[in-house]
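Visitor: Here is my input, please return the structure:
(one chain, ligands or ions: 2)
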Amino acid sequence: MRYVVYGAGAVGGVIGAHLHLAGLPVTLVARGQHLAAIRARGLVLDSGNGRHRIHAPATDTASEVGWTDDTVVILAVKSHQAAAALGDLREHAPTRVPVVCATNGIATERAALRLFPRTYAVCVMLPATHLEPGVVVAACHPTPAILDIGRIPSGTDATTAAVAADLRKAGMASEERADILASKRRKLLMNIGNGVDASFAQGDAADELAKRALAEGEQVLAAAGVTVVSAAEDESRRGSILQRRPELERRGGSTWQSLARRTGDSEIDYLSGEIVLQGRLHGVPTPANEAIVAATRRLAYGGGVPRSLDATEVLSSL
Ligand SMILES: NC(=O)C1=CN([C@@H]2O[C@H](COP(=O)(O)OP(=O)(O)OC[C@H]3O[C@@H](n4cnc5c(N)ncnc54)[C@H](OP(=O)(O)O)[C@@H]3O)[C@@H](O)[C@H]2O)C=CC1
Ligand SMILES: CC(C)(CO)C(=O)C(=O)O
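Guide: Ligands and ions are numbered 1, 2, ... in the order given. This is a model prediction of the structure:
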C-alpha cells in the first residue's frame, strides 16, 4: 500500500512518520508554515526513542499526488476542516481510493462516504502534540497509538486487513472492527472533556461541568439507540498498551492545542457539538454541552487565552 496522510499534524504526522520509518511510501499533506518547515527540514517526530527526521514528499494539494491503484488516504485533519480536504480529494483523487477517517467525532465518515464509496474509519487513541511548525510529538512509547479500523457503514474487508497490518508493521496497535462506529461513539464520550480542558481553568468546577456533559452524552447516545462500546470493553481494549512518557507529555488535548496555536477555529462543533446535535435530533436537552461549545467557540474565534474561563459561572447558569 501507498499512503497519503491528508493533515500531517499531531495525529497524521505521528502516523505518517511511523509508516515512513517502517519503509512504506508516504506522502504528507500539510499547509502554511508547517508545510514550509517539512519541506525545508523534513517532518520532525519526537518520540520515546529520540528525534526522527522524516524526509517524505510533502504537498498542500491532492493534485500533486501521484495516484496509484494501491494508494490509501488517511484523513487526519480536524473534523471542521474535513469538507475542504474532501473537496480537494474529490477533485484530484480517483473515486475508488479508500479514504480512512482518522478523526475524533463521528461526522467525517458521513461526509467522506457521500463522496467516496470506499470509506473507512479509525478509532484514534494517539495522544500527540503539534504546537511548533515542522514538529510532532508522540506522547506514548514504545507503542504510540491504538488505531482500530473498520469499513463505513460497517464490516471489514481486504483493505481494513491490509491497513491494519501496515499500521502494526509500523509499531502501532490495530485491529479490525466490524462496528467501528460503536468504538468511535465511546471515544466521542471521552472527547466531551476536550472543550472543558481547552477553555476552563482546571479544578472542581471544571470537573463537575465535564461530569454533567458526559452524563448528557451518555443519555443522548442511549436515546439515539445506536451501538456504543461499553466503558469496560474500551478499558480492556486499551489495557496498558499506551505507556505515557513524562518527558513527552502533552500540555493539553487536541482542542486545547488549536486554542494554544491561535488557529482561529476549533473542532468543538463536532465534539460537544455532536452531542448537542444528537440531543436536538432525539429530544434530549444538552445544556452543559451547549455551554461548552459556546465557551470554546468564543475563545477559538476571538483569540482568547486557553483555560481562561471559570466553570463556576457556567454551572450556576445551568
Ligand atoms: N492531537 C491528539 O492528541 C489527538 C487528536 N485526535 C483527532 O485527530 C484529528 C486530527 O487532530 P490533530 O492531529 O490534533 O490536528 P492538527 O491540527 O495537529 O493536524 C491537522 C493538520 O492538518 C492540516 N490541514 C487542515 N486542513 C488542511 C488542508 N485543507 N490542506 C492541508 N493541510 C490541512 C492542519 O493545518 P493548520 O494547522 O494550518 O490548520 C494541521 O497541520 C482530530 O479529529 C482530533 O480530534 C485524536 C486523538 C488524539
Ligand atoms: C482523548 C484525547 C484528549 C486524548 O488523546 C483526545 O482524543 C484528543 O486530544 O483529542
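Visitor: how far does the helix ranked longest in the chain sit from the chain's center?
Guide: Assignment by DSSP state H gives helix 204-224 as the longest helix of the chain. A distance of 20 Å separates the centroid of the chain from that of helix 204-224, by C-alpha atoms, centre = their mean, to the nearest Å.
Visitor: Give me the contact list for that helix.
Guide: When contacts are taken as C-beta atoms under 8 Å, 6 or more residues apart in numbering, the neighbours of helix 204-224 outside the stretch itself are 185, 188-189, 192-193, 195-196, 200, 228, 272, 275, 278-279, 281-289, 291-292, 310-312, 314-315, 318. All C-beta atoms are positioned from the backbone trio N, CA, C, and that covers glycine.
Visitor: Buried ones among those residues?
Guide: Those of the contacts of helix 204-224 that meet the buried threshold are 185, 188-189, 192-193, 195-196, 200, 228, 272, 275, 278-279, 284, 286, 288-289, 291-292, 311-312, 314-315, by 16 or more other C-beta atoms under 10 Å.
Visitor: out of the residues you listed, which are inside strands?
Guide: Cross-referencing these with the strands (criterion: DSSP state E) gives no overlap at all.
Visitor: all helices of the stretch 51-200 of the chain, in order?
Guide: Using DSSP state H, counting those that start in this stretch, the helices found in the stretch 51-200 of the chain span residues 82-92, 108-115, 158-169, 180-190, 192-199.
Visitor: for the ones you listed, which one sits closest to ligand 1?
Guide: When the helices of the stretch 51-200 of the chain are ranked by proximity to ligand 1, the top entry is helix 82-92, at 4.5 Å, counting by C-beta to the nearest ligand atom.
Visitor: Let me see the mean pLDDT of the closest one.
Guide: Across helix 82-92, the average pLDDT comes to 98.
Visitor: What are the buried residues along it?
Guide: 82, 85-86, 88-89.
Visitor: so which of these also contact ligand 1?
Guide: Taking C-beta under 6 Å from any ligand atom as the test, ligand 1 is in contact with residue 85 out of those.
Visitor: Go through the buried residues of helix 82-92 and name the one nearest residue 121.
Guide: Sorting the buried residues of helix 82-92 by how near they are to residue 121, with C-beta to C-beta, puts residue 82 at the top with 12.2 Å.
Visitor: do you know how far residue 72 is from residue 127?
Guide: Distance of residue 72 to residue 127, given as C-beta to C-beta, to the nearest Å: 24 Å.
Visitor: Skip the chain neighbours and tell me the closest residue to residue 172.
Guide: In space, and not counting its chain neighbours, residue 172 is closest to residue 145: 4.4 Å by C-beta to C-beta, 6 or more residues apart in numbering.
Visitor: how close does that neighbour sit to residue 243?
Guide: In this structure, residue 145 lies at 12 Å from residue 243, with C-beta to C-beta as the measure.
Visitor: Neighbour count for the two, which is higher?
Guide: Summary of the neighbour comparison: residue 145 and residue 243, criterion other C-beta atoms under 10 Å, with residue 145 having more neighbours (26 against 12).
Visitor: OK, contacts around that one?
Guide: With contact set as C-beta under 8 Å, 6+ apart, residue 145 has these partners: 14-15, 18, 124-126, 138, 167, 172-173, 242.
Visitor: same thing with residue 55?
Guide: Residue 55 makes contacts with residue 42, as judged by C-beta under 8 Å, 6+ apart.
Visitor: which parts of the stretch 51-200 of the chain sit against ligand 2?
Guide: In this structure, the stretch 51-200 of the chain approaches ligand 2 at residues 104, 127, 190-191, 194, judged by C-beta under 6 Å from any ligand atom.
Visitor: So residue 318 is in contact with residue 288, correct?
Guide: Yes. When contacts are counted by C-beta atoms under 8 Å, residue 318 is listed as touching residue 288 (6.1 Å).
Visitor: In contact with the residue in the stretch 1-150 of the chain that ligand 1 sits nearest to, which residues?
Guide: Among the residues of the stretch 1-150 of the chain, residue 9 lies nearest to ligand 1; the distance is 1.8 Å by C-beta to the nearest ligand atom. Neighbour list for residue 9: 30, 34, 76-77, 130, 136 [criterion: C-beta under 8 Å, 6+ apart].
Visitor: what residues does the stretch 201-318 of the chain put near ligand 1?
Guide: By the rule C-beta under 6 Å from any ligand atom, the part of the stretch 201-318 of the chain lying against ligand 1 is 254, 257, 263, 267.
Visitor: ok, these vs residue 237, which is closest?
Guide: Nearest to residue 237 among those: residue 254, at 20.4 Å, using C-beta to C-beta.
Visitor: Give me the neighbour count for the closest one.
Guide: Using other C-beta under 10 Å as the criterion, the residues surrounding residue 254 number 26.
Visitor: For it, give me its contacts.
Guide: Counting by C-beta under 8 Å, 6+ apart, residue 254 touches 10-11, 78, 104, 194, 267.
Visitor: Break the chain down into its domains, please.
Guide: By the record's domain assignment, the chain is partitioned as 2-178, 189-317 (automatic domain parsing).
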